[in-house]
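Undergrad: Need a 3D model of the sequence below.
(2 chains)
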2 protein chains.
Amino acid sequence: MKPYRFGFLGFGNVGRALARLFVVKSNELRTNHGIDWTITGVATRRTGWRSRDAGFDVADLLSVSTEDFETQSNVTEWLNAAKPDVVFETTSLNPENGQPAIDYMKAALEAGAHVITANKAPIVYSYKELNTLAISKGKRLLFESTVLDSAPVFSLFRETLPVAKLRGFSGIFNSTTNVILETMEAGRSFDEGVKTAQELGVAETDPTHDVEGWDAIMKICALANVIVGSPLLPGDVRREGIRGLSPATLQMARAEGRPYKLVARARVKDDGSIEASVRPEQVTSSDPFGSVRGTSLAIHFELDMIPGLTVISHRPNLQSTAYGLLADCVNALRSER
Amino acid sequence: MKPYRFGFLGFGNVGRALARLFVVKSNELRTNHGIDWTITGVATRRTGWRSRDAGFDVADLLSVSTEDFETQSNVTEWLNAAKPDVVFETTSLNPENGQPAIDYMKAALEAGAHVITANKAPIVYSYKELNTLAISKGKRLLFESTVLDSAPVFSLFRETLPVAKLRGFSGIFNSTTNVILETMEAGRSFDEGVKTAQELGVAETDPTHDVEGWDAIMKICALANVIVGSPLLPGDVRREGIRGLSPATLQMARAEGRPYKLVARARVKDDGSIEASVRPEQVTSSDPFGSVRGTSLAIHFELDMIPGLTVISHRPNLQSTAYGLLADCVNALRSER
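TA: Numbering: from 1, shown residues only, chains lettered A, B, ... in the order given. As a prediction, the model looks like this:
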């Protein structure tokens, strides 16, 4: 069995967790899915474009790299050298326009690789173009980890809900705001909430992107583009962050059994276009999101065929995110047979 | 395009809802999935084994039947006459041994049809044998509606969660008991609860099967057989129904914010076998099932890759159940390409 060649574009926390996961699951991938693999390319901002035709040793790659490797100077050369069957794109988010990830992904698809990404921005700004390119090349563009970490959302729609018509969806898409709101409900400050979220590994050094609602908005736009098929850009979404909520307001709301959460909401209008918002909403215990706390994330769908369908991912971790990419990889390679 | 020939084994509420749904979704099935269809066989206990080579008119079939049709005297003759590509099995449940549905399904698979069922018992008592037969014939045996109505459970595992290891699952699988418990929490009697559940269309005339926990047990066994691959029979599951709970106990538990629900629970042991129970448990609002009320159903998975994944189906209706069968049909025919 010839091993599939993997290329890693970005090798930060998620990329490294994914490499580890491939090692952990290698027997099962071989036995149950006929997937043998080797990593022939790794590119990062810090270490440049590296390839190794015989494959990198993963343990070596994850610690101090001692093996020989070749070096290229741009993505095209790198793809030519690493010849990947699958490219895992986990470079950092550019919320403005999704670049340079979009160009990298185009190059990888042009070179005949499946592209799997954990990066929302290319799906927000370039889904249609990228997917059309993937189809024309007989390859897959998959991105399960972008919205609810590893919990199936895109694959749920693609594989399990044929001909169902989506009327709307809502979600708790951002765990940083969840954690901040709950910290403040407990009588502590906004800054203490940020600190707690950072300690839990969910918040960036600058939490503005989460706190102002932009992270949730990017996820709404990705979902709109893919599962509704209706283009939606971040500027089209009504937005209100959590800065305006005082500890007193939050404590009272919690005491009344109607705590605030940052809720993303989208309604598909009769003409197929989408009306969407991200804003703090009060949630009761019998609401679909009533049990969603801490770092847990959730999505709720309203369908013509099912009055309400909720998926909750409880306390996903870094391995969960990596698993979303691995599941995409299995599905992409399965589609080749 | 040659239409697929459908056979309906059983034509009660679910079968009729499914026929209606095929009419409603016919344009979309044709356009998006290349599926054109005609019903060439309908068998019920009351009207016998009927077939019509040119296809039945659905409106006529759903009202007073006026068309000519042929009559057969058993399942084999009926399959020979109707020549179905897909058989929808929705005959009534035999919780003791799954017959005669199992024999019908075997005959349909032998005759070269995909078999799609809403009937738990054959999956509990004969999954392995039926599925092996289906594979040997290059056909699919699918049964998405059996556990959580239309909400994806089996297809979720099959299509979206490759190489994830299941450690255990739990569920609110029975809406009759949900409704009875909530009626009693509101200070009314067990019998009033049964009546309410019957009015909502979720309880049988004799609710014993639900109330004693057998319905939930059948669902645990189906899940164990299929997604764990570990045989489990109803007698293997520890069982306690809801009869022992007094209105006073239930009211107090609700007042404390820890209401009772009939919870099904299964744990996969290290040797791969399963330890399972169905019994009343107290659930807090932050539990995965904290927001599951009334006729809603839910399942919670613990996986090595995802700490917790909950799927909630809110107030599914008859059309939702029928939709589960339709989704199975699309997936079965998609697998032929």
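
Undergrad: can you give me the strands for chain A?
TA: A:4-9, A:37-44, A:48-51, A:70-72, A:86-89, A:114-117, A:141-142, A:166-172, A:238-239, A:260-268, A:274-282, A:297-303, A:308-314 (DSSP state E).

Undergrad: and those strands, which is most packed in?
TA: By mean neighbour count, with neighbours taken as mean count of other Cβ atoms under 10 Å in any protein chain shown, strand A:114-117 ranks first of the strands of chain A at a mean of 29. Glycine gets a C-beta too; all of them are placed from N, C-alpha and C.

Undergrad: ok now it, how far from the chain's centre?
TA: Relative to the centre of its chain, strand A:114-117 is centred 12 Å away, using Cα atoms, centre = their mean, to the nearest Å.

Undergrad: Repeat that for stretch A:24-40.
TA: Centre-to-centre, stretch A:24-40 and its host chain are 23 Å apart (Cα atoms, centre = their mean).

Undergrad: Tell me if that stretch is near chain B.
TA: Yes - applying Cβ under 8 Å from any Cβ of the partner chain, one finds stretch A:24-40 touching chain B at A:25, A:28-29, A:32-33.

Undergrad: could you check the distance from A:Thr90 over to A:Tyr125?
TA: 17 Å (Cβ to Cβ, to the nearest Å).

Undergrad: Can you add mean pLDDT and give the strands of chain A back as CSV?
TA: Formatted as CSV, the strands of chain A follow (pLDDT from 0 to 100):
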stretch, mean pLDDT
strand A:4-9, 98
strand A:37-44, 97
strand A:48-51, 96
strand A:70-72, 94
strand A:86-89, 98
strand A:114-117, 98
strand A:141-142, 98
strand A:166-172, 97
strand A:238-239, 98
strand A:260-268, 98
strand A:274-282, 98
strand A:297-303, 97
strand A:308-314, 96
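
Undergrad: which residues sit in contact with A:Ala113?
TA: A:7, A:79, A:84-87, A:139 (Cβ atoms under 8 Å, 6 or more residues apart in numbering or on different chains).

Undergrad: what does the stretch 101-250 of chain A put close to chain B?
TA: A:144, A:149-152, A:155-156, A:159-164.

Undergrad: Nearest to B:Asp57 among those residues?
TA: A:Val163 (22.2 Å; Cβ to Cβ).

Undergrad: And for that closest one, the neighbour number?
TA: Residues contacting A:Val163 under the criterion other Cβ atoms under 10 Å in any protein chain shown number 22.

Undergrad: Could you pull up the residues touching it?
TA: Residues in contact with A:Val163 (Cβ under 8 Å, 6+ apart) are A:305, B:25, B:28-29, B:32-33, B:326-327, B:330.

Undergrad: ok, it to A:Asn131 distance?
TA: Taking Cβ to Cβ, one finds A:Val163 at 20 Å from A:Asn131.

Undergrad: repeat for A:Gly171
TA: Counting by Cβ to Cβ - A:Gly171 and A:Asn131 are separated by 22 Å.

Undergrad: coming back round to it: now the contacts of A:Val163 in CSV, with neighbour count, distance to A:Arg238 and pLDDT?
TA: Shown next, in CSV, are the contacts of A:Val163 (neighbours: other Cβ atoms under 10 Å in any protein chain shown; distance: Cβ to Cβ, whole Å; pLDDT from 0 to 100):
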residue, neighbour count, distance to A:Arg238, pLDDT
A:Met305, 24, 28, 92
B:Lys25, 22, 33, 97
B:Glu28, 14, 31, 96
B:Leu29, 21, 36, 97
B:Asn32, 12, 31, 93
B:His33, 17, 35, 95
B:Leu326, 27, 35, 97
B:Ala327, 24, 33, 96
B:Val330, 19, 35, 97
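
Undergrad: Next, check the residues you listed against the helices and list the overlap.
TA: Here DSSP state H is the test, and these give B:28-29, B:32-33, B:326-327, B:330 as lying in helices.

Undergrad: circling back: now rank the residues of the stretch 101-250 of chain A next to chain B by neighbours and give me the top one.
TA: Among those, A:Ala151 has the most neighbours (other Cβ under 10 Å), with 29 neighbours.

Undergrad: before we move on, back to that, just the residues of the stretch 101-250 of chain A next to chain B now: which is nearest B:Ser246?
TA: A:Ala151 (39.0 Å).

Undergrad: Distance check, the residue nearest to the spatial centre of chain A against A:Lys120.
TA: For chain A, the residue nearest the mean C-alpha position is A:Thr146 (1.4 Å; Cα atoms, centre = their mean). Look at A:Thr146 and A:Lys120: by Cβ to Cβ, they are 5 Å apart.

Undergrad: Overlap of the contact sets of the two?
TA: Among the neighbours of A:Thr146, those also in contact with A:Lys120 (Cβ under 8 Å, 6+ apart) are A:219, A:222.
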